[in-house]
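>>> I would like to see how this sequence folds:
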Amino acid sequence: MSTYVSQYVLKVCGRCDLACDHCYVYEHADQSWRRKPKVMAEETVGQAAKRISEHAQRHFLAGVSVVLHGGEPLLLGRERLRSLLFTLRSVIDPVTRLGLTVHTNGVQLDEGLCDLFTAYGVQVGVSLDGDRTANDRHRRFADGRSSHPQVLRALALLRRPEYRHLYAGILCTVDVANDPLAVYEAVLAQAPPRFDLLLPHATWDTRPPGGLTVTRPTQPGSGRFTSGGSRTGARCPSGSSISCSQPGKAARAGVRPSAWMLSTFSSSTPMAAGSRPTR
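Predicted coordinates for the structure are as follows:
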């Protein structure tokens, strides 16, 4: 049976304008990013597009998806992003259907970039860890300033009627120190079409904070994140992510997020050594 790849993540920028202390790229032991180029060269973009299109053609793929990532991809600036998107579209689109997404912290997002993403059919995903208290626990500028107001501004932009079609969703990194109800309600207030929950980076050498567990709820509203062991707990593998494509539906049904979201973590699979999630 032939093996093929239909999803790609391009790390197009090797720097970030935030200093999130849970970031596996910049804040952990591997500091090799300091010796790497700040941005992906145009030649590399062209070669990546060429190889993706060749692979899609060889395996008769009906479509492929490419996520622009970093660091912070919006630091490339509007014109460099325009050139990159033009290359990807012009090389891959004639061969297969190309789905494009950019994942950003939202700080640099403005109307000009939204217009550019509209022109090239790019979906926009934004990182938000919840309310201001939860978000400021980790997602701050290097000088300690909050990034929360800038993220809310970006999300308000994506909710505008002319840009709503760009809104891909929210990525929320879990911290057991945060109130899950407050986090859920803060994310829901941004009306995301979907959101994903992500556990912080962990390995067998560096375990999740507090030995992350989740107690199984016995009734709606009873499940909570806990730290340490629990006889009724289900241990979460590092890098697990939970998706909800209709968060409002759960809320309207009266499902309390502390039961609905957290009970979704039911895997007993041990974490893979060296696993690392996407930010």
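>>> what mean pLDDT does the one helix or strand Thr133 maps to get?
Thr133 is part of helix 132-136 when elements are defined by DSSP states H and E. Averaged over helix 132-136, pLDDT sits at 93.
>>> equivalent analysis for stretch 7-20, please.
The average pLDDT within stretch 7-20 is 89.
>>> only C-alpha atoms, please: export the helix holding Thr133 in CSV.
C-alpha atoms of helix 132-136 as CSV (Å, rounded to 0.1, in the frame of the first residue of the first chain):
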residue,chain,number,x,y,z
ARG,A,132,-7.1,37.6,30.5
THR,A,133,-5.9,35.8,33.6
ALA,A,134,-5.4,32.5,31.8
ASN,A,135,-3.9,34.0,28.7
ASP,A,136,-1.5,36.2,30.7
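>>> list the contacts of that helix.
128-129, 146-148, 151, 175, 178-179, 182-183, 186 (CB atoms under 8 Å, 6 or more residues apart in numbering). Quick note: C-beta positions are derived from backbone N, CA and C, even for glycine.
>>> as TSV, the residues you listed with neighbour count would be great.
Conversion of the contacts of helix 132-136 to TSV gives the following (neighbours: other CB atoms under 10 Å):
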residue	neighbour count
Leu128	26
Asp129	28
Ser146	13
Ser147	25
His148	21
Val151	25
Asp175	20
Asn178	21
Asp179	16
Ala182	15
Val183	26
Ala186	23
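>>> ok, the nearest residue to Tyr163 once chain neighbours are set aside - contacts?
Nearest residue to Tyr163 in three dimensions, chain neighbours excluded: Cys114, at 4.7 Å (CB to CB, 6 or more residues apart in numbering). The contact partners of Cys114, taken as CB under 8 Å, 6+ apart, are 124, 157-158, 162-163, 166.
>>> and if you look at Asn178?
129-130, 133-134, 137.
>>> ChimeraX command for the buried members of these?
Filtering the contacts of Asn178 down to the buried ones (16 or more other CB atoms under 10 Å) takes a single ChimeraX command:
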select :129,130,134,137
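>>> sorry, back to before: next, the residue nearest to Tyr163: secondary structure please.
helix (DSSP: H, G, I helix; E, B strand; the rest coil).
>>> ranges for the helices of this structure?
Along the chain, counting by DSSP state H, helices occupy 42-58, 78-92, 111-120, 132-136, 148-159, 180-188, 247-252, 257-260.
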